[in-house]
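>>> build me a structure from this.
(2 chains, ligands or ions: 1)
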Amino acid sequence: MDVALNAQGSTLLERARRVAGIAGQHADDVDRNARFPREAVDALISERLLSIQIPVTLGGEGATTAQIAEACTVLGQACSASAMVFAMHHIKLSSLVTHGSDSPWHQSFMRRIVDEQLLIASATTEGGIGGNMRNSICAIEVDGDTCRLQKDATVISYGRHADAILITSRAHPDAVTTDQVMTVFTKDQYTLERTNEWDTLGMRGTCSEGYLFKGEAPKEQILPKPFAEIAAQSMLASSHLLWGGVWYGIAVNAMTRAQAFVRAAARKSPGQTPPGALHLAEASSLLQQVRANVTAGLARYEAALAEPELLSSMGFSVAMNNVKLAVSRTVPEIIDHAMQITGIMGYKNGTPFSLGRHLRDAQSAQLMISNDRILANTSNMLLVNKIETNLLG
Amino acid sequence: MFLSPFLARNRYPCVIESTGPQAALQRSDAVKTQIREMLAQYASLPSAAGLDDDADLYAAGMSSHGSVQLMLALEDTFDVEFPDNLLNRKSFSTIAIIEQTVNQLVAGKEAA
Ligand SMILES: Cc1cc2nc3c(=O)[nH]c(=O)nc-3n(C[C@H](O)[C@H](O)[C@H](O)COP(=O)(O)OP(=O)(O)OC[C@H]3O[C@@H](n4cnc5c(N)ncnc54)[C@H](O)[C@@H]3O)c2cc1C
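You can find the predicted model right below:
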């Protein structure tokens, strides 16, 4: 899969590993101080990993979602927050690449992302709406060639550190709440007035503060497709799959620590199976389930990309929702097993087996688009969409 | 819940019996009227009565929850089942497309 080489002859995976090396050195400090993972993001920039998804014709590397998810897993093993920043940036790029390739403004913006390695943030969550991103209260106003938007954006990860924000709103002031568009604003085109802090249990380094967003830009920066289509055809799959890559990475690192603990015990008393070994076996089966879920989802997405009808089908949405549910529920369970294995050494901070950060970071998976919301959405679709009866699609 | 007589479930409008191009047109209008009533009642689209055949229902405010409720009502009323390959946004995006789909499913059922 990983054949793309950059000018220096490194594969994507090698480049991601170098960034992970740097991210890992600062992960505890980023977490403790709830600060932006500057070093890791600078490394992403110098490895030119912020533009890998952009098509080759626009100067990028045309990386697939699977390749990006693999990079998310590599980063997720080192620093969840850095990995999540990388994932969220690429979720935004997936919408630009899928829905902006025919629009001259968005094409030239993608070239800028390549040249300047711009970091893109997302503002879908809104005060009064929560995570129900297919509804907006705020509306964009088009006045001649200009559009203006004000939004009570209660969560914008790395908002202060981003070079541009993709933001949802109603399509015009008379539009119903579900008639939405998504617009690109570059940082010279908006102001952010902080309304919420980000002092959280985990994922502290994403710095997902709340802001009152006020922007003004040329109206051609509105993506030329309804947001409903963007959400269904690029955001749904890329969010769940790239998040899945990050969460899998967190679980892998917890398991790596737990396995090191078990092996150390085994080496000390050869001939005896260490007490944690059964937990490790149990957790490895769960880890494999997570991996199978993410990779099957990636394969399904790659197949559906060739058929836009499939991408917006209910069967596809149900499958992506199920990836998210399964992964977000299972990863904390895996880390819990790892904690049982490592005991006090895992519970303590600052040991080679520490798992507190993993456990706290992984808790966010179930809230990032609340699993209850996802279940409600799937249960509605299952009133008409049939259960798949064959094994091989 | 109040059900208009026209909307009584499992009752296909009687115009379906007649034949010829004129009758087909009338039948199509009758089905569209029914779809509009169902949109208002089940898909929380009170504005449906005033919508053009080709108006984008999602832009008018239909949610994915609403579209599923509409499908269930259509399945019950016309005694059809939507196959999975029609369960996508496009199949439910306008009254004209829904009417075409329903007609195809009804015709397929009658041919079977
Ligand atoms: C690390 C992290 C980073 C994030 N970054 C961003 C970002 O960059 N940009 C952005 O826009 N957002 C971001 N978010 C926000 C995120 O995607 C969700 O939108 C947000 O977490 C949901 O907030 P909520 O739990 O308050 O709201 P809600 O979604 O409203 O849910 C609150 C609770 O109410 C219940 N609930 C409410 N409505 C329903 C329903 N219809 N069906 C079932 N249950 C329901 C659920 O139990 C849920 O737990 C981020 C979140 C996290 C954790």
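
>>> surely residue A:213 is within a helix?
No. Read with DSSP: H, G, I helix; E, B strand; the rest coil, residue A:213 is strand and lies in no helix.

>>> quick one: contacts for it?
The contact partners of residue A:213, by CB atoms under 8 Å, 6 or more residues apart in numbering or on different chains, come to A:123, A:149, A:150, A:151, A:152, A:153, A:156, A:165, A:167, A:190, A:191, A:192. Yep, even glycine has a C-beta here, placed from its N, CA and C like the rest.

>>> is the fourth one in a bridge, and if so with what?
Yep, that's residue A:151 we're talking about. When bridges are called by DSSP bridges, residue A:151 pairs up with residue A:213.

>>> roughly how far apart are residue A:297 and residue A:108?
The gap separating residue A:297 from residue A:108 is 32 Å, by CB to CB, to the nearest Å.

>>> of these two, which one has the most company?
Per other CB atoms under 10 Å in any protein chain shown, whichever of residue A:297 and residue A:108 has more neighbours is residue A:297, with 26 against 10.

>>> what about the residue nearest to that one when sequence neighbours are not counted, neighbour count?
Leaving aside its chain neighbours, residue A:297 sits nearest to residue A:323 (4.0 Å; criterion: CB to CB, 6 or more residues apart in numbering or on different chains). Number of residues near residue A:323 (other CB under 10 Å) recorded here: 23.

>>> quick check, residue A:323 in a strand?
No. Assigned with three-state DSSP, residue A:323 falls outside any strand and is helix.

>>> pretty sure it is touching residue A:241, no?
Yes. At 6.9 Å, residue A:323 counts as touching residue A:241 under the criterion of CB atoms under 8 Å.

>>> where are the low-confidence patches of chain B?
Within chain B, the segments meeting pLDDT under 70 span B:1-19.

>>> can you check which helix is longest in it?
helix B:21-42 (DSSP state H).

>>> enumerate the positions of it that are buried.
By neighbour count with 16 or more other CB atoms under 10 Å in any protein chain shown, helix B:21-42 contains the buried residues B:27-28, B:30-32, B:34-42.

>>> what sits against the residue of chain A found nearest chain B?
Per CB to the nearest CB, residue A:176 is where chain A lies closest to chain B, at 3.5 Å. Counting by CB under 8 Å, 6+ apart, residue A:176 makes contact with A:170, B:59, B:60, B:61.

>>> and of the residues you listed, the nearest to the ligand?
When those are ranked by distance to the ligand (CB to the nearest ligand atom), residue A:170 comes first, at 15.6 Å.

>>> distance check, the residue nearest to the closest one when sequence neighbours are not counted against the ligand.
Nearest residue to residue A:170 in three dimensions, chain neighbours excluded: residue A:139, at 3.9 Å (CB to CB, 6+ apart). Per CB to the nearest ligand atom, to the nearest Å, residue A:139 is found 17 Å from the ligand.

>>> is it true that residue A:139 touches residue A:177?
No. Under the criterion of CB under 8 Å, residue A:139 makes no contact with residue A:177, lying 9.5 Å away.

>>> ok, the strand or helix carrying residue B:98 near chain A or not?
Using DSSP states H and E, residue B:98 maps to helix B:95-111. No. Helix B:95-111 is not in contact with chain A by CB under 8 Å from any CB of the partner chain; minimum separation 13.0 Å.

>>> got the buried residues for that helix?
By 16+ other CB under 10 Å, the buried positions in helix B:95-111 come out as B:95, B:98, B:99, B:101, B:102, B:103, B:105, B:106.

>>> ok, residue A:229 touching residue A:312?
Yes. Under the criterion of CB under 8 Å, residue A:229 makes contact with residue A:312 at 7.2 Å.

>>> which residues do those two both contact?
Counting by CB under 8 Å, 6+ apart, the residues touching both residue A:229 and residue A:312 are residue B:89.

>>> distance of the residue most central in space within chain B from residue B:97?
Among the residues of chain B, the one closest to the centroid is residue B:35, at 3.7 Å (CA atoms, centre = their mean). Remark: distance between residue B:35 and residue B:97 (CB to CB) = 10 Å.

>>> contacts only, for residue A:126.
Taking CB under 8 Å, 6+ apart, we find residue A:126 in contact with A:136, A:137, A:138, A:151, A:152, A:153, A:154, A:168.

>>> what's the closest of these to the ligand?
residue A:153 (6.5 Å).

>>> so that closest one sits in a strand?
Yes. Applying three-state DSSP, one finds residue A:153 inside a strand.

>>> helix/strand/coil for the closest residue to chain A within chain B?
The nearest approach of chain B to chain A comes at residue B:61, 3.5 Å away (CB to the nearest CB). Using three-state DSSP, the structure places residue B:61 in coil.

>>> what values do phi and psi take at the residue nearest to residue A:170?
Dihedral pair for residue A:139: phi -130, psi 140, per degrees, to the nearest 10.

>>> equivalent analysis for the one 10 residues further on, please.
Residue A:149 adopts backbone torsions of phi -150, psi 140, taken as degrees, to the nearest 10.

>>> so it makes contact with residue A:143?
No. Applying CB under 8 Å, one finds residue A:149 not in contact with residue A:143, separated by 11.5 Å.

>>> which one's more surrounded, those two?
residue A:149 (24 against 9).

>>> how about residue 49: what's its closest non-neighbour residue?
If you meant another chain, say so; for now it's chain A. Spatial nearest neighbour of residue A:49, excluding adjacent residues (CB to CB, 6+ apart): residue A:15 at 5.9 Å.

>>> could you do chain B instead?
Per CB to CB, 6+ apart, closest to residue B:49 is residue B:36, 5.4 Å.

>>> that neighbour and residue B:42: what is the separation?
Residue B:36 sits 11 Å away from residue B:42, going by CB to CB.

>>> thanks a lot, catch you later.
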